[in-house]
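**Student:** sequence and predicted structure are below.
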Amino acid sequence: MYKPYISNDTLLFPPNLGDFIPQDAPARLISDIVDLMNLKEIHDSYSKASDGQPPYHPAMLLKVVLFGYMNNIFSTRGLESAMTRDAHLIWLSSYQFPDHTTISRFKTRCMPHIKVIFARLVMILAERGEIKLTEDLYIDGTTIRSRAARRRIKWRSNAEKFGSSAEADIQEGVKALLGQVENGDNTDDSNVGHVTYSKEEARRIADSIEQRAQEEGLRKVRGKITAIRNACDRKEAHDKTLEQCAGRCGVAPTDPDCGIMHAKEDGYEGMATPNYNVQIATQNQYVTNYGAYDSAEDKSIAMDFVDTCIEENGVRPSAVVEDAGYGCEEVYVGLEQRQIEAVVKYPNYDAESTRRPVKPGQYDKFAFRLSADESSLICPAGHLMRVIRTEEAYTRSGFRSDSTVMTCDHCNGCPFRDKCILTKSKRGEIHRKLGNIREERKAKSRLDLPENQEKLKRRSLEPEPVFGQLKHNHGYTRFRHFGKAKITMDLGFVFMALNILKLHKNIEKSA
């Protein structure tokens, strides 16, 4: 005996779709959270005209998009297909079925306001007591591949080399052409006497001589004119590449906003590829802010990201906890100026903490230490080093961190002469950033405090699991959009989905 099974049976009283959605389902939490959010900017972006078909409600579309990102449905076509078979999506959309174009346009409409919407979600988490933005902030970064092709990178060194070659071809071609046509074409060229010619001048000269050649029947100048124009086009293309590089080592033509950097999980023969350096700030494994940068150096973008967190969250954290990749003078000084405690390791902190003590009479290359007045160093043999000069140096963000050049006048007869790094230098000099050493000494006294040691231990439990959830569990290892604006929009949706998913798990644990 079986229970009755009748396909396409007509029900007298159709059930409510909400009865099929469990009370503790993530879809219900998404709906509750979005209903609490103020979407004023999205509402204002729609037309107020009374004619035409009315648009879908932005709250419904936002719920659908967040549910898709929570369940690894990042494609608008995939989301459109899932809305016809997933009861949770049908319940969220209230039996409305927007197509993939409508969903894509909604995401584009959210693009200028995504950080505002994300900040409002963070404020909801703060109101629920999940986070406290005035307490410690844990910051870390990871590389995520750009959508740009990995083999179509234009390198700055090649652009400089080939640009110089094109410039030389322009100068030689113009001089040869002017020398062939009536002693420099004095009649039509106003640039006689110039040592060098710009691209615009070269093109103007080529056009003028081409017109004169047609009128007077001049021969053997067509090839030189074509060569000049081709050289100008090459020079213009290489100049554009250099402009897009903006000081970087290279640029991806299809996504100029990304940076060329190494990624751990790329596995592309150890070569630098188009990537974004994604920075996040977390607390209790909730993402409180994020950003995408084109620089692989965490220390060069650290303060810009901290300022972004302060500005968008509206509060200043009591402390910032970061790993050794951020430890430098710029970060220590910047956090001190902003009255934020810097719980930031410097590159040799772990090595110094675990290194065995050096026996008496042995050379220690790490034993160079600051003098009493902090104006010079003392070598491992205990001699005060002499300052030769100070060289100005600036970081990528414009922070000044000078380098001091020093030497030692007591090398003769020193027991460490054969092993010292000074004697191995051709000039007997060493370059050190004394400001960085001073800040590292201050940082060590802070890092050795028991409460800060606990913060350093917790750092591995804060941003790193978020990246693991993003990349491993959700498969978010490559962007699907070009340009920083769209990347920021996509990251906003995925981090909002992760925050809601984390909140749902915390609610289940506390139940």
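**Tutor:** Cool, got the structure.

**Student:** poorly predicted segments of the stretch 151-300 of the chain, please.
**Tutor:** In the predicted model, the stretch 151-300 of the chain carries pLDDT under 70 at residues 182-195, 214-219, 265-270.

**Student:** again, 90 this time
**Tutor:** For the stretch 151-300 of the chain, the stretches flagged by pLDDT under 90 are 151-153, 166-167, 169-229, 244-249, 261-273, 295-297, 300.

**Student:** tell me which helix or strand of this protein sits lowest on mean pLDDT?
**Tutor:** Here the helix or strand of the chain ranked lowest by mean pLDDT, DSSP states H and E is helix 182-185, holding a mean of 49.

**Student:** roughly how far is the next helix or strand after that one from the heart of the chain?
**Tutor:** Sequence-wise, the next helix or strand downstream of helix 182-185 (DSSP states H and E) is helix 199-216. Relative to the centre of its chain, helix 199-216 is centred 47 Å away, using C-alpha atoms, centre = their mean, to the nearest Å.

**Student:** and the helix or strand following helix 199-216 with helix 199-216, angle?
**Tutor:** Using DSSP H and E, the next helix or strand after helix 199-216 towards the C-terminus is helix 222-245. Per axes from the mean of the first three to the mean of the last three C-alpha atoms, to 10 degrees, the angle that helix 222-245 makes with helix 199-216 is 160 degrees.

**Student:** what's in contact with helix 222-245?
**Tutor:** 154, 156, 159-160, 162-163, 166-167, 169-170, 173-174, 176-177, 180, 199, 202-203, 205-206, 209-210, 213, 251, 253, 256 (C-beta atoms under 8 Å, 6 or more residues apart in numbering). (C-beta placed from N, C-alpha, C; glycine too.)

**Student:** put the buried members of these into a PyMOL selection.
**Tutor:** Per 16 or more other C-beta atoms under 10 Å, the buried members of these correspond to this PyMOL selection:
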select buried, resi 154+156+159+163+166+167+169+170+173+174+177+199+202+203+205+206+209+210+213+251+256
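
**Student:** quick one: Tyr69 and Ser93, what's the gap?
**Tutor:** Distance from Tyr69 to Ser93, counting by C-beta to C-beta, to the nearest Å: 15 Å.

**Student:** those two: which has the busier surroundings?
**Tutor:** Tyr69 (22 against 19; other C-beta atoms under 10 Å).

**Student:** that one: which element?
**Tutor:** helix 58-70.

**Student:** which strands and helices lie in contact with that helix?
**Tutor:** The contact analysis (3 or more C-beta pairs under 8 Å, 6 or more residues apart in numbering; DSSP states H and E) places helix 58-70 against helix 26-36, helix 40-44, helix 76-82, helix 87-93, helix 100-110, helix 484-510.

**Student:** that one versus helix 484-510: what angle between them?
**Tutor:** 80 degrees.

**Student:** surely Glu27 and Phe67 touch.
**Tutor:** Not quite, residue 27 is Ala, not Glu. Yes. Ala27 lies in contact with Phe67 (C-beta atoms under 8 Å); the separation is 5.9 Å.

**Student:** identify the contacts common to the two.
**Tutor:** Common neighbours of Ala27 and Phe67 (C-beta under 8 Å, 6+ apart) are His88, Leu89, Leu92.

**Student:** do you know the pLDDT at the last one?
**Tutor:** Meaning Leu92. pLDDT recorded at Leu92 is 93.
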